[in-house]
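> got a predicted model here, sequence first, then my questions.
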Amino acid sequence: MPAPWVDPTIDWQPTLSIERQLADLRSAGDLLVTWPATEFEQTDTDCFKAGDDLWIWQPDVGAVRFRLDTPHLTAWCWPGANPAWFRQVVTRSWLPAIYPLWGRQVIHASAVQCRATEVCVAFTGPTHAGKSTTAYALQRRSGWRALADDTVAFSIAGPLPALHPIPNEARLRPASAAFFEVDQPPAEVPWPGGNPVLAAIYVLEGDPTLSRPAEFAPLRASEALPLLLQQAYALSFKIPKYNQQLMKDYLALAAAVPVFHLRYRRSFDVADELFSAIEGHLAEAAGVTCPGDRS
């Protein structure tokens with residue numbers, strides 16, 4: 001049986017002592033992996049192992065230290081860096097990559113939950129695939145609510161994967177925010193409690209040339225597995241024990257949950273038709289219906 005799920009804690013420390021910590025890493029640390037800078041970053045990120053400690057270290061941003069035996073982080077902001085940005089990097093980017101080392105898998109996805117049944121649906125795919133927009137559109141429909149934006153944590157403990165809280169903020173890209181006529185800063189998605197389970201996954205692919213609003217195709221487990229693995233968070237593939245568990249858990253995920261490829265016309269002109277088509281497909285192909293609010 002898997003270990004009981006324990007939510008991680010983060011100990012936010014004062015500004016990082018760069019010279020002292022860097023000397024420790026250089027003398028005792030082994031470089032596990034370097035993450036190249038993303039489109040929003042200026043520096044690469046290094047992941048080290050030093051004794052029983054693991055470190056994530058990004059110049060001009062900050063660093064975190066943790067161990068494999070307990071879900072706890074100690075975090076230091078880089079001198080002169082924006083503390084709010086650092087917290088966002090830790091919770092939105094680094095923490096999901098650390099989770100698998102604590103026996104908790106995280107997939108790059110957004111998700112909604114039916115208020116009446118607690119059943120959840122996830123939307124995954126590469127960056128800019130439309131995950132947040134699709135999830136936001138469904139949560140605006142009667143009966144649904146937001147569950148997660150960009151990161152979905154799960155464990156395999158029963159016939160359907162159980163979902164668990166992980167810090168994340170709901171955010172829309174400017175074009176989507178303009179379409180929905182919202183002007184709100186990113187806000188943390190509240191965890192609803194209860195026992196949410198994942199009942200369907202859609203792998204999104206936007207295509208502006210598609211003639212119809214949406215095309216759905218069921219995926220066999222063998223087809224779904226590589227697509228899901230492409231969206232799996234992992235600190236490093238140089239730690240075999242945890243990579244083996246990641247593979248087992250994603251294989252179980254692909255076998256337990258219906259996975260569909262959703263190719264859709266990338267145009268707000270057919271947005272309402274698209275979101276209605278998703279609800280219809282959920283009911284017809286996945287057996288997921290969501291009673292509307294009665295308030």
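Arrived safely, thanks for sending.

> for residue 179, which non-adjacent residue is closest in space?
Spatial nearest neighbour of residue 179, excluding adjacent residues (Cβ to Cβ, 6 or more residues apart in numbering): residue 268 at 4.8 Å. For the C-beta atoms, the positions are set from N, CA and C on the backbone; glycine is no exception.

> A helix includes residue 157, no?
No. Assigned with DSSP: H, G, I helix; E, B strand; the rest coil, residue 157 falls outside any helix and is coil.

> sketch out the strands for the stretch 101-250 of the chain, chain order is fine.
Assigned strands in the stretch 101-250 of the chain, in chain order: 105-114, 119-124, 144-148, 151-155, 162-164, 169-170, 187-188, 197-206, 214-219 (criterion: DSSP state E, counting those that start in this stretch).

> which of those sits closest to residue 12?
Comparing the strands of the stretch 101-250 of the chain against residue 12 with Cβ to Cβ, the closest turns out to be strand 187-188 (15.6 Å).

> circling back to that earlier point, from residue 201, how far off is the residue nearest to residue 179?
Distance, residue 268 to residue 201, using Cβ to Cβ, to the nearest Å: 24 Å.

> follow-up on the earlier one: in TSV, list the strands of the stretch 101-250 of the chain along with distance to residue 88, mean pLDDT and mean neighbour count.
Output for the strands of the stretch 101-250 of the chain, formatted as TSV (distance: least, Cβ to Cβ, whole Å; pLDDT from 0 to 100; neighbours: other Cβ atoms under 10 Å):
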stretch	distance to residue 88	mean pLDDT	mean neighbour count
strand 105-114	16	95	25
strand 119-124	21	96	24
strand 144-148	16	93	23
strand 151-155	12	92	25
strand 162-164	20	89	19
strand 169-170	7	81	17
strand 187-188	11	80	11
strand 197-206	24	95	22
strand 214-219	32	97	15
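
> any chance of those strands in a markdown table, plus distance to residue 76?
As requested, the strands of the stretch 101-250 of the chain are exported to a markdown table (distance: least, Cβ to Cβ, whole Å):
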| stretch | distance to residue 76 |
| --- | --- |
| strand 105-114 | 23 |
| strand 119-124 | 32 |
| strand 144-148 | 27 |
| strand 151-155 | 22 |
| strand 162-164 | 26 |
| strand 169-170 | 22 |
| strand 187-188 | 22 |
| strand 197-206 | 35 |
| strand 214-219 | 43 |
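
> helix or strand for residue 95, which one?
Under the criterion of DSSP states H and E, residue 95 resides in helix 95-98.

> so where's the stretch 1-150 of the chain uncertain?
Counting by pLDDT under 70, the ranges of the stretch 1-150 of the chain that qualify are 1-5.

> surely residue 215 touches residue 263?
Yes. Between residue 215 and residue 263 a contact is recorded at 4.6 Å, counting by Cβ atoms under 8 Å.

> break the chain down into its domains, please.
The record, using automatic domain parsing to delimit domains, assigns the chain the ranges 9-102, 105-285.

> where does the stretch 151-295 of the chain dip in pLDDT?
185, 293-295.

> the helices in it, which residues?
174-180, 221-229, 240-256, 271-285 (DSSP state H, counting those that start in this stretch).

> do you know which of those helices lies nearest residue 14?
Using Cβ to Cβ, the nearest of these to residue 14 is helix 240-256, at 31.0 Å.

> elements contacting the closest one?
strand 105-114, strand 151-155, helix 221-229 (3 or more Cβ pairs under 8 Å, 6 or more residues apart in numbering; DSSP states H and E).
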